[in-house]
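Sequence and predicted structure below; questions after.
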Amino acid sequence: MFNLKKVVAPLAAVATGLFATTGAYAVGTDFSSISSGIDASTIVTAIVAMGAIMILPGVAKWGSKKLATFFG
């Protein structure tokens, strides 16, 4: 049976620790230098590249079968 107390107690401890330490690091956290180097064309290129990587093995398999039927 599901015991809610076993789940809530560790989550509460982690959340308390996160909220207690967030204030100390909030002043120095600046991600603008990381996000400024990323633009829309980079994202589109990455998505197209992942699509090509995913589809190329199937296309190569289809092409080799098609080529084999031409000769045999």
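Nice, I can see it. Residues are numbered from 1 along each chain as shown.

which sections of this protein are below the confidence cut-off?
Residue ranges of the chain with pLDDT under 70: 1-27.

can we see that at 80?
Residue ranges of the chain with pLDDT under 80: 1-37, 72.

which residues in this protein form helices?
Taking DSSP state H, the helices of the chain run over residues 4-25, 32-35, 40-71.

what comes up buried for the shortest one?
Going back to what we said before, that points to helix 32-35. The neighbour-count check on helix 32-35 (16 or more other Cβ atoms under 10 Å) flags nothing as buried. Where C-beta positions appear, they are placed from N, C-alpha and C, glycine not excepted.

Only C-alpha atoms, please: export it in PDB.
Below are the C-alpha coordinates for helix 32-35, written out as PDB (Å, rounded to 0.1, in the frame of the first residue of the first chain):
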ATOM      1  CA  SER A  32      22.600  35.800 -20.400                       C
ATOM      2  CA  SER A  33      26.000  34.900 -21.800                       C
ATOM      3  CA  ILE A  34      24.900  31.300 -22.500                       C
ATOM      4  CA  SER A  35      21.500  32.100 -24.000                       C
END
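
quick one: contacts for Ser64?
Residues counted as contacts of Ser64 (Cβ atoms under 8 Å, 6 or more residues apart in numbering): none.

Could you measure from Ala40 over to Gly51?
Separation of Ala40 from Gly51 (Cβ to Cβ, to the nearest Å) stands at 17 Å.

Equivalent analysis for Gly28, please.
38 Å.

Between these two, which is the more surrounded one?
Neighbours per residue, other Cβ atoms under 10 Å: of Gly28 and Gly51, the larger number sits with Gly51, 10 against 6.
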